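Asker: sequence-free structure coming up:
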């Protein structure tokens, strides 16, 4: 019953003693699987859409992609620095969403304030999902519409201190850091202007 149909990769977890810390009964275990499904949809969103897309399921439930940039977002100028592509966006005002559910989904699994900031993709896999990457910029309600997509290749792993788990990254010191700080400042300014619109 666990054999994949035709082709694919099947991951079976056994003897997951650490899971018992977070899922002490069937109800909480099911909740953890829902959270895992959402998490995978964020991390591997680019692999789940477009040409050559893959399909991922958790306990038979299809993983749906979540994009940090919802429809109706305004793209600021794309910038290129060495092997880095930077795409800053200002997301739509709450009034522009069709309903509260659409607005909530666009907020992400951590919520609007926590999801503002940088999204670092390494070869289409998301490494950083929001936050200001140690630039000493505070998350603020008024700037929650600011999101910046940063694309890097594997050749920059050492510069960005990508760990083996692909779960964190740090902006390199020097020109790249100052460039990203300036882009963040401008994106936040424009995001605040949109936020304050009635």
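Answerer: Okay, I see it. Note that this is a predicted model, so its numbers are computed, not measured. Numbering: from 1, shown residues only.
Asker: Beta-bridge partners for the most centrally placed residue in the chain, please?
Answerer: Geometric centre of the chain, nearest residue: residue 129, 3.5 Å, by Cα atoms, centre = their mean. Taking DSSP bridges as the rule, residue 129 bridges to residue 119.
Asker: For it, list the residues it contacts.
Answerer: Listed by Cβ atoms under 8 Å, 6 or more residues apart in numbering, the contact set of residue 129 reads 42, 43, 68, 108, 110, 115, 119. To be clear about C-beta, it is placed using only N, CA and C from the backbone, and glycine gets the same treatment.
Asker: Sort out which of those are buried, if you could.
Answerer: 42, 43, 68, 108, 115, 119 (16 or more other Cβ atoms under 10 Å).
Asker: Let me see the ranges of the strands in the protein.
Answerer: 57-58, 61-62, 74-75, 79-81, 84-90, 117-122, 125-129, 146-152 (DSSP state E).
Asker: Need the residues that contact the first one.
Answerer: When you say that, I think you mean strand 57-58. By Cβ under 8 Å, 6+ apart, strand 57-58 touches 33, 36, 37, 40, 63.
Asker: What count of nearby residues applies to the last one?
Answerer: For residue 63, the count of nearby residues is 22 (other Cβ atoms under 10 Å).
Asker: Check what pLDDT it gets.
Answerer: Listed pLDDT for residue 63 reads 96.
Asker: nearest to residue 77, of the buried ones among the contacts of residue 129?
Answerer: residue 119 (17.2 Å; Cβ to Cβ).
Asker: Distance-wise, check the closest one relative to residue 142.
Answerer: 20 Å (Cβ to Cβ, to the nearest Å).
Asker: in the protein, which helix or strand is least confident?
Answerer: helix 19-22 (a mean of 74; mean pLDDT, DSSP states H and E).
Asker: how about the helices in the protein?
Answerer: 19-22, 26-43, 100-107, 112-115, 175-195 (DSSP state H).
Asker: Dump those helices into CSV; add distance to residue 153 as well.
Answerer: Rendered in CSV, the data for the helices of the chain read as follows (distance: least, Cβ to Cβ, whole Å):
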stretch, distance to residue 153
helix 19-22, 34
helix 26-43, 18
helix 100-107, 28
helix 112-115, 24
helix 175-195, 14
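Asker: Of those helices, which is nearest residue 8?
Answerer: helix 26-43 (14.9 Å).
Asker: Show me the shaky parts of the chain.
Answerer: Counting by pLDDT under 70, the chain shows low-confidence ranges at 1-4, 198.
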